[in-house]
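Asker: here is a sequence together with a model predicted from it:
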Amino acid sequence: MNVEADVGPIPRDRAFADLPRGMGETILVVDDEASIRFISKLTLEAFGYKVLLASDGSEAISIFMSHQDEIALVLTDMMMPNMDGPATIKVLHRLKPDLPIIGASGISENDKIAKAAGSGVIDFLAKPYLTETLLKVIDKILHKSG
């Protein structure tokens, strides 16, 4: 994930001033890479979202069960050990069929992306993605903009 190269605080300059902001919605971020979870949390919180983190699908299901009334959207990696993205998505959709889910992966082959996208995700982000891309996709889904 490319959230501008720096992990420090998000600058409040003009480039970031035009990006869409959250309204306190809770997003569950599921990724087996700790650095991606950390950067995603910093970024999303800096732009007005609450963030819950899970390192794999099993943990995501457990967190979702405890916070399902709060979680507005799930951002999940598609390729994880133990319980991968598609398996996680199936369980989440059984629990809450209308839950918006964004899939993310570094997969570059079109047929694998199409299969992943067909597994219940509302949108798909190819890694690495920029902060701007992530925020615009979330805004489009949660706030019906764009």
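Answerer: On my side now, so go ahead.
Asker: list the contacts for M65?
Answerer: M65 sits next to L95 when contact means Cβ atoms under 8 Å, 6 or more residues apart in numbering. All C-beta spots, glycine's among them, are computed from the backbone N, C-alpha and C.
Asker: recalculate using a threshold of 10 Å.
Answerer: The neighbours of M65, taking Cβ atoms under 10 Å, 6 or more residues apart in numbering as the test, are 91, 95.
Asker: which residues of the protein score low on pLDDT?
Answerer: Confidence mapping of the chain against pLDDT under 70 gives the ranges 1-16, 108-119, 146.
Asker: let's see it at 90
Answerer: 1-18, 78-79, 81-82, 84-86, 105-129, 144-146 (pLDDT under 90).
Asker: list the helices and strands the longest strand anywhere in it packs on?
Answerer: Criterion DSSP state E: the longest strand present in the chain is strand 71-77. Contact here means 3 or more Cβ pairs under 10 Å, 6 or more residues apart in numbering; DSSP states H and E; on that basis strand 71-77 packs against strand 26-30, helix 34-46, strand 50-54, helix 57-67, helix 85-95, strand 101-105, strand 123-126, helix 131-143.
Asker: for the fourth one, buried residues please.
Answerer: Read that as helix 57-67. Using 16 or more other Cβ atoms under 10 Å as the test for burial, helix 57-67 gives 57, 59-61, 63-64.
Asker: that older thread, the longest strand of the chain pairs with which strands?
Answerer: Partners of strand 71-77 in the sheet, by DSSP bridges, are strand 26-30 (parallel), strand 101-105 (parallel).
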